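*Asks:* one predicted model, sequence on top.
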Amino acid sequence: MKLYDGGKIIIGLLIFVGIATFPFYYNIGKVNAKPEPKVDTPAIQEWEKQYGKKECVESKEFMRTNHMQLINLWRDSVVRNMNRVYISTSNHKKFNMSLQNGCMQCHSNKKKFCDECHNYMAIKPFCWDCHIQPQEKEENKS
Amino acid sequence: MSMDRRQFLKIAGISSILGFGASVANATHPIWVKGLDPSQVEPNKDALTAKRWAMVVDMSKFKTDEDFKKTIDACHLTHNVPDFRNPDGSVDTRHEIKWIWKTAYENAFPGEPNKFMDEHLKEMPFLVLCNHCDNPPCVRVCPTKATFKLPNGITMQDMHRCIGCRFCMAGCPYGARSFNWLDPRKAINPERENKQYPTRTKGVVEKCTFCSERLEMGKMPACVEAAPKGGLLFGDIEDPNSDVRKIVSTKYTIRRKSDLGTGPAIYYLIGGSDHA
Amino acid sequence: MLEKAFEGSKKYWAWIFFLGALVLIGFYYYLQQFMYGLGITGLGRDVSWGLYIGQFTFLVGVAASAVMLVIPYYLHDYKTFSKIVILGEFLAISAVTMCILFIMADMGQPMRVMNVVLHPTPNSVMFWDFLVLSGYLVLNILIGWVTLSSDRKGVPPPKWIKPFIILSVPWAISIHTVTAFLYAGLPGRHFWLSAIMAARFLASAFAGGPALLIILALIVRKVSKFDPGKEPIQALGKIVAYAMFANVFFLGLEFFTAFYSSIPAHTDSFKYLYIGLDGHRELVPLMWTSSVFAVIALTMLLIPAARKNERSLVLACIMLFISLWIDKGFGLIIGGFVPNPLDQVRTYWPTMPETWITIGVWSIGFLILSMLYKVAISVREQTAGVEIEH
């Protein structure tokens, strides 16, 4: 099979591969620490004192892979169906289905929790365009 | 094997679609496909419920500017409604956002000019807000159901789904809706921000929600609580024992533009009364 | 065939690059709007739709007007239009693309547009508008391309394209009826709440679109070796005359109902547009220009001698197009919002960024039009002696 305009095609392909793999070789040698979300906020420590262990709405593995979908479903459940209480399938406890008044009550350390993984994955969830971020003490001003 | 360019592209296209489809099908937890099970969610136990929420407005109870300010501020501060101003301090009427506000009689009830009307009534400001209509044109026109009716009669707004087309603003006969033309966070006083309620972002429409989030936690709407006693009555109009039902069925009330068939749920009491 | 769009004279490329520059400027201002919000336009809480939606409304009409060529040629065998139907179809593609772009420019949250597909809402006219506009775009691309490639090969188009061509006729009527329904069903906007809205829209579409086609056909004759011919242009002229008469008549009907009934809800908007309301007279000069141009253009079109002379015909078409653009693309929209539902007069005027974005979208439209016309002209020049069958 003859490759017409072979020279131009090969050069074009090389340029494309160069651009497409840019993120990989640009970061060679850079230290990208593994994300380590911290779950040691005062609220979580309180919970541990009360119940003997740290518990989230669902298990750590479930939350890690599915919290995005869970939050989406909570949103529709609260806004559109007026149901604000979630009954966990793992520990049968009841939780307030709210980002600001639920999740962030325990995970008030957004920078050391949410942002850890999100920054590593270069994800910018737009929840915070509307939902107010918890005020963290390390910030200079509110 | 000899193949021409078209065949090659066809085969490459189909393989990538199949490959992509396979990787998606392989994924995931049922929650992505089936969603939440009804047994996992329930309403808050303190939630106030009704068959049909409605409001009676008795303007005779609003006597001073302060009365109005307290009522309007209660709503706007609870919900982080931004306050857009021009450089000279006047209200920016283009970008302003208001869920409840006061206006003259001729603006609240246009088309009924009576030049011999009682001067006091002509000058008296009226509180206006979303009417939470029975048959709302805004819900009819919304292409994504971002505005929709709750079973309890509230015309609700889902700020997550709104695409900002503003068809609902064109459809509302009462001018009750506001659009975020700019980033609202620039016009919110951070010291008075309500950290328990979100703000909105630019590009979505917002309006009064009859404080759905407060009702669901057992509290009355913010304006009703802050208004002078008896100024704003709120209740279930389908409940024969509620205040609103008693007033609406015994005294003379008017609604805005009621001839349009929208079925508003805000009733303005004529003549004032001693129900408070 | 598309490669023909990329071969051309210096003048052609100069035109393409000029349009490209305008597109880039428009895009720059769109990025500003995307970052800061629609607040950089002149829109506000009371006039919440303006230039963008007005342009969309006007261009839907232009897009629908292709049907004025399709009906005579494909349904009634009117061979006079054989060489220029393709110009109508390509104009439709360009116009519908501009419609879609103007809608996207007007969205507060454009990234969420797919919500219309994810949460279909049949009771919303906008949902149907989305469907019919996309469908019309696909239809015209399909029909235009298939028929033109057959012409180029000197053979009649394949039989399977016929049902699509027939479908494009009611579809064209539907895109403009649906767009009219966006306005005509809103209980709070009495300026628009009239059964004749859809009829007015169609009449002005069938006047404005073919008028533009006449202008474009004459430009094509000037810049290329393809001559659409005197007869098709005269036939189009007659169509424009009748449609414009209907349009002006319908506008007169609206005036009558409003002013004879004297109902303020109906007369206030007309007053704002033509004599001013509460001291606000921003749109008065524009609206009178539109009306005067309309009457002059209609008179010229109705006088056979003026219509037969291509110079005066073109002048009439240009005045007509401007008149309709002002009326439908601006006056109609603003008029519906003034006075607002609380009977207050709050006005609107586009800002500079808003204007540049609008020019940018029009430039994209003209770019698509120029490139598609280049293809069509090249094919016609090649097949100059060949009889076109269908």
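*Replies:* The structure has been received and is ready for your questions.

*Asks:* for chain B, what are the nearby residues on the stretch 201-350 of chain C?
*Replies:* Neighbours of chain B within the stretch 201-350 of chain C, by Cβ under 8 Å from any Cβ of the partner chain: C:264-265, C:336-337, C:340-344, C:346. The way it works is simple: take the backbone N, C-alpha and C, and place the C-beta from them, glycine included.

*Asks:* if we go to 7 Å?
*Replies:* Residues of the stretch 201-350 of chain C lying close to chain B by Cβ under 7 Å from any Cβ of the partner chain are C:264-265, C:340-344, C:346.

*Asks:* what's in contact with stretch B:105-117?
*Replies:* B:121-122, B:124, B:126, B:128, B:256, C:264-265, C:342-344 (Cβ atoms under 7 Å, 6 or more residues apart in numbering or on different chains).

*Asks:* thinking again about what came up before, turn the residues of the stretch 201-350 of chain C next to chain B into a markdown table, including pLDDT and secondary structure.
*Replies:* As requested, these are exported to a markdown table (pLDDT from 0 to 100; DSSP: H, G, I helix; E, B strand; the rest coil):
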| residue | pLDDT | secondary structure |
| --- | --- | --- |
| C:Pro264 | 91 | helix |
| C:Ala265 | 90 | helix |
| C:Asn340 | 95 | coil |
| C:Pro341 | 96 | coil |
| C:Leu342 | 95 | coil |
| C:Asp343 | 94 | coil |
| C:Gln344 | 95 | coil |
| C:Arg346 | 95 | coil |
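
*Asks:* which one of those residues sits closest to chain A?
*Replies:* Proximity to chain A was ranked across those by Cβ to the nearest Cβ; first place goes to C:Pro341, at 26.4 Å.

*Asks:* on that earlier part again, of the contacts of stretch B:105-117, keep whichever come out buried.
*Replies:* For these, a neighbour count by 16 or more other Cβ atoms under 10 Å in any protein chain shown gives the buried set as B:126, B:128, B:256, C:264-265, C:342-344.

*Asks:* elements contacting the helix or strand harbouring B:Lys69?
*Replies:* Assigned by DSSP states H and E, B:Lys69 falls within helix B:65-78. Helix B:65-78 makes packing contacts with strand B:100-103, helix B:222-226 when contacts are defined by 3 or more Cβ pairs under 7 Å, 6 or more residues apart in numbering or on different chains; DSSP states H and E.

*Asks:* mind checking the SS state of the residue in the stretch 1-150 of chain C that chain B sits nearest to?
*Replies:* Closest to chain B within the stretch 1-150 of chain C is C:Gly108: 1.8 Å, counting by Cβ to the nearest Cβ. Assigned state for C:Gly108: coil (three-state reduction, DSSP: H, G, I helix; E, B strand; the rest coil).

*Asks:* surely it is in contact with B:Met159?
*Replies:* No: counting by Cβ atoms under 7 Å, B:Met159 is not a contact partner of C:Gly108; they are 10.9 Å apart.

*Asks:* now do the shared contacts for the two.
*Replies:* B:Val204.

*Asks:* farthest pair in the contacts of stretch B:105-117?
*Replies:* B:Met124 and C:Ala265 (23.4 Å; Cβ to Cβ).

*Asks:* need the contact list for B:Pro38.
*Replies:* Here B:Pro38 is in contact with no residues (criterion: Cβ under 7 Å, 6+ apart).

*Asks:* for the contacts of stretch B:105-117, which one is nearest C:Thr179?
*Replies:* C:Ala265 (23.0 Å).

*Asks:* ok, the nearest residue to that closest one once chain neighbours are set aside to chain A distance?
*Replies:* With sequence-adjacent residues excluded and distances taken as Cβ to Cβ, 6 or more residues apart in numbering or on different chains, C:Ala265 is closest to C:His190, at 4.0 Å. Note on C:His190: its distance to chain A, by Cβ to the nearest Cβ, to the nearest Å, is 33 Å.

*Asks:* where along the stretch 51-200 of chain B do the helices fall?
*Replies:* Applying DSSP state H, counting those that start in this stretch to the stretch 51-200 of chain B gives helices spanning B:65-78, B:105-108, B:119-123, B:137-141, B:167-171.

*Asks:* pipe these into JSON lines and attach mean pLDDT per row.
*Replies:* Shown next, in JSON lines, are the helices of the stretch 51-200 of chain B (pLDDT from 0 to 100):
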{"stretch": "helix B:65-78", "mean pLDDT": "96"}
{"stretch": "helix B:105-108", "mean pLDDT": "92"}
{"stretch": "helix B:119-123", "mean pLDDT": "81"}
{"stretch": "helix B:137-141", "mean pLDDT": "97"}
{"stretch": "helix B:167-171", "mean pLDDT": "97"}
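
*Asks:* deepest in the core, which of these is it.
*Replies:* Of all the helices of the stretch 51-200 of chain B, helix B:167-171 carries the top mean neighbour count, a mean of 25, counting by mean count of other Cβ atoms under 10 Å in any protein chain shown.

*Asks:* just give me the neighbour total for B:Trp101.
*Replies:* Neighbour count of B:Trp101, defined by other Cβ atoms under 10 Å in any protein chain shown: 19.

*Asks:* smallest gap between the stretch 151-276 of chain B and chain C, at which residue?
*Replies:* Relative to chain C, the nearest point of the stretch 151-276 of chain B is B:Gly164 (1.8 Å; Cβ to the nearest Cβ).

*Asks:* and the closest residue to that residue other than its chain neighbours, its phi and psi?
*Replies:* Distances taken as Cβ to Cβ, 6+ apart place C:Gly108 nearest to B:Gly164, at 1.8 Å, with adjacent residues excluded. The phi/psi pair for C:Gly108 (degrees, to the nearest 10) reads phi -70, psi -40.

*Asks:* give me phi/psi at the residue of chain A found nearest chain C?
*Replies:* Closest to chain C within chain A is A:Phe126: 8.9 Å, counting by Cβ to the nearest Cβ. The phi and psi values for A:Phe126, taken as degrees, to the nearest 10, are phi -90, psi 10.

*Asks:* same check, this time on B:Ala104
*Replies:* phi -70, psi 160.
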